[in-house]
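K.L.:
need coordinates for the following:
(one chain, ligands or ions: 2)
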Amino acid sequence: MKVLVIGAGNMGLTYAEGMAKSALLGSQKLKIYDTDPKKIARLSQDPHFNVYHNLEDCLPKADIVFLAVKPYHIDDLFQHMTPHINQQQIFVSLMAGVTIQTISSQLGAAKIVRAMPNLPAKVGKGVTSYTESDRVSRVELIMVRNLLDTTGTSIHVSTEKFIDASTGISGSGPAYVFYFMQSMLEAALKMGFSAYDSKVLVSNTFEGAIELFNQSNISPETWISRVASKGGTTQAAIDSMEDNNVKQLIQDAAYAAFNRAIELGKNS
Ligand SMILES: NC(=O)C1=CN([C@@H]2O[C@H](COP(=O)(O)OP(=O)(O)OC[C@H]3O[C@@H](n4cnc5c(N)ncnc54)[C@H](OP(=O)(O)O)[C@@H]3O)[C@@H](O)[C@H]2O)C=CC1
Ligand SMILES: O=C(O)[C@@H]1CCC=N1
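P.N.:
Numbers count the residues shown, from 1 in each chain. Ligands and ions are numbered 1, 2, ... in the order given. Below is the predicted model of the structure:
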């Protein structure tokens with residue numbers, strides 16, 4: 001199976017690394033295409049990849065093509081791609097917002113999978129939602145899923161609405177978690193801890209809480225009640241968050257990302 005990744009940035013390179021290190025490509029090296037000469041030079045040193053700076057040299061020979069450029073790059077990119085594609089190729093878009101209809105009409109492709117990954121894919125802990133156009137067969141979809149799963153786990157969703165929704169939950173979600181971490185780190189520093197101790201306190205608190213959550217069927221709400229003693233310190237913190245409507249504000253943020261994904265789709 002010949003796989004090409006277009007766009008070797010945060011997400012494209014992460015997927016490229018996951019797929020290249022798996023056994024799925026057989027003896028084929030993963031192909032990467034990017035327009036940045038510095039990236040091309042750096043990646044050319046990596047034995048896992050065949051790196052290209054001309055679409056005509058890599059695109060016609062690819063079976064599966066991952067699209068990992070920013071949504072605003074597609075006009076230019078698709079224009080250059082169109083003469084070199086064929087109707088048997090499968091295009092897997094990792095781009096936020098860009099719809100199957102846009103890819104089909106602007107690129108002229110038939111077999112399209114739209115996916116929403118997230119950055120923990122870098123450490124094999126990503127989660128990707130995906131859905132497909134009518135022309136993608138079951139067997140082809142399984143092949144794509146196997147590739148997606150080289151970076152973590154995936155869920156199939158029935159419509160593109162859920163791709164936009166998962167952008168608001170898991171695609172952008174790691175940034176919400178980092179925002180919370182940053183806030184806790186700043187509080188620890190203000191309380192007088194060193195940067196090192198602040199990091200140890202915060203990262204282990206996150207890691208421990210995730211482990212507890214993952215190893216049980218207990219809801220976060222119940223776990224909160226197990227941390228909080230009546231009239232104690234945790235209750236003071238949770239009361240402060242409730243008074244400030246923090247839960248609602250986090251939900252508003254997730255919806256802001258969801259809505260922005262829909263808007264990006266309309267603008268592309
Ligand atoms: N980052 C994330 O956590 C997530 C990102 N995504 C999606 O992944 C996509 C890529 O995002 P991200 O990896 O963060 O972006 P990056 O900017 O890190 O990567 C995009 C890469 O594509 C290159 N590029 C730009 N134009 C072209 C072109 N015409 N042909 C080939 N390569 C090109 C860029 O080069 P240059 O730098 O020179 O412009 C860059 O190397 C986006 O559509 C985003 O919505 C989805 C989920 C999570
Ligand atoms: O911020 C973005 O638009 C992309 C999509 C999800 C995460 N990063």
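
K.L.:
check contacts around the closest residue to Thr35 other than its chain neighbours.
P.N.:
Distances taken as CB to CB, 6 or more residues apart in numbering place His53 nearest to Thr35, at 7.3 Å, with adjacent residues excluded. C-beta coordinates here come from the backbone N, C-alpha and C atoms, glycine included. For His53, the contacting residues are Tyr33, Asp34, Thr35, Pro37, Ile40, by CB atoms under 8 Å, 6 or more residues apart in numbering.

K.L.:
same question for Glu140.
P.N.:
Glu140 neighbours (CB under 8 Å, 6+ apart): Ile90, Lys111.

K.L.:
could you redo the last one with a cut-off of 6 Å?
P.N.:
By CB atoms under 6 Å, 6 or more residues apart in numbering, Glu140 lies in contact with Ile90.

K.L.:
show me what from this protein comes close to ligand 1.
P.N.:
6-12, 33-36, 39, 68-71, 73, 76-77, 94-96, 116-119, 171 (CB under 6 Å from any ligand atom).

K.L.:
give me the buried entries from those residues.
P.N.:
Taking 16 or more other CB atoms under 10 Å as the criterion, what is buried in the residues of the chain next to ligand 1 is 6-8, 11-12, 33-35, 39, 68-69, 71, 77, 94-96, 116-119, 171.

K.L.:
quick one: the helices in the chain?
P.N.:
Remark: helices assigned in the chain by DSSP state H are 10-21, 37-44, 55-58, 74-81, 100-107, 138-148, 160-166, 173-190, 195-214, 220-227, 233-243, 246-267.

K.L.:
need the ones you listed in JSON lines (columns: distance to Ile64 and mean pLDDT).
P.N.:
What follows is the helices of the chain, written out as JSON lines (distance: least, CB to CB, whole Å; pLDDT from 0 to 100):
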{"stretch": "helix 10-21", "distance to Ile64": "9", "mean pLDDT": "95"}
{"stretch": "helix 37-44", "distance to Ile64": "19", "mean pLDDT": "93"}
{"stretch": "helix 55-58", "distance to Ile64": "12", "mean pLDDT": "96"}
{"stretch": "helix 74-81", "distance to Ile64": "14", "mean pLDDT": "96"}
{"stretch": "helix 100-107", "distance to Ile64": "14", "mean pLDDT": "96"}
{"stretch": "helix 138-148", "distance to Ile64": "7", "mean pLDDT": "97"}
{"stretch": "helix 160-166", "distance to Ile64": "18", "mean pLDDT": "98"}
{"stretch": "helix 173-190", "distance to Ile64": "26", "mean pLDDT": "98"}
{"stretch": "helix 195-214", "distance to Ile64": "31", "mean pLDDT": "98"}
{"stretch": "helix 220-227", "distance to Ile64": "38", "mean pLDDT": "97"}
{"stretch": "helix 233-243", "distance to Ile64": "45", "mean pLDDT": "98"}
{"stretch": "helix 246-267", "distance to Ile64": "23", "mean pLDDT": "96"}
